[in-house]
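Student: Sequence first, predicted coordinates after that:
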Amino acid sequence: MPRGRKKSEKNAEKPVGVKEKVKERKPYPSIDERIDMANEKIEKLAALNDKRQALITKTEKKLSERKSSFEKTEEVLVKERAKLERLKNSKIKPATKEEKRAQKAAQREKIANLLEALNESGKSVDDLLEFLGK
């Protein structure tokens, strides 16, 4: 294996001259350059605002369409719920005349029993209504 060399004068590190970079200040833009920069910024912002206004208009149009379709479907939903209630009520109601007659007869019988109990108690219908009204 080769042996390392000792430092000789030729290989000795030479002092490196440190060059300090002096930052040069960027020159302040002249009034004309500043006016041009302001005009460019105004143009960019105006274009951006135009695009955003177009998007807002488009979105408002979609929103109004969606609101109108929502209102229509809401009306249909209310109608369907009413239809469902009618169907449920028709299921509860007796379908035939005989069943209707039987229900009315049962109601008459209950009313007759109520009036009979009222007469037995010795109170009038007005007294009963007054008592129930409290």
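Tutor: Received it, and whenever you're ready, just let me know what you need.

Student: Helix or strand: which one has E43?
Tutor: Using DSSP states H and E, E43 falls within helix 31-92.

Student: What helices and strands are in contact with that helix?
Tutor: Contacts defined by 3 or more C-beta pairs under 8 Å, 6 or more residues apart in numbering; DSSP states H and E place helix 31-92 against no helix or strand at all. Yep, even glycine has a C-beta here, placed from its N, CA and C like the rest.

Student: Show me what secondary structure element comes after it.
Tutor: Where DSSP H and E defines the elements, the next helix or strand beyond helix 31-92 is helix 97-121.

Student: In this structure, where is pLDDT below threshold?
Tutor: For the chain, residues meeting the criterion pLDDT under 70 lie at 1-19, 93-95, 134.

Student: what do you get if the cut-off is 90, keeping everything else the same?
Tutor: 1-29, 87-103, 114-134 (pLDDT under 90).

Student: Domains in it, by residue range?
Tutor: 29-93, 95-134 (automatic domain parsing).

Student: Now render those domains as TSV, adding distance to K21 and mean neighbour count.
Tutor: Converted to TSV, the domains of the chain look like this (distance: least, C-beta to C-beta, whole Å; neighbours: other C-beta atoms under 10 Å):
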stretch	distance to K21	mean neighbour count
domain 29-93	24	10
domain 95-134	102	10
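
Student: Including distance to K23, could the ones you listed go into a markdown table?
Tutor: A markdown table is the format used below for the domains of the chain (distance: least, C-beta to C-beta, whole Å):
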| stretch | distance to K23 |
| --- | --- |
| domain 29-93 | 18 |
| domain 95-134 | 98 |
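
Student: returning to that earlier point: now the helix holding E43: how far from the chain's centre is it?
Tutor: Distance of helix 31-92 from the chain centroid (C-alpha atoms, centre = their mean, to the nearest Å) equals 13 Å.

Student: Start the count at 640 instead of 1 going forward.
Tutor: I'll keep to 640 as the first residue from here, and by that count the last item is helix 670-731.

Student: That'll do, ta.
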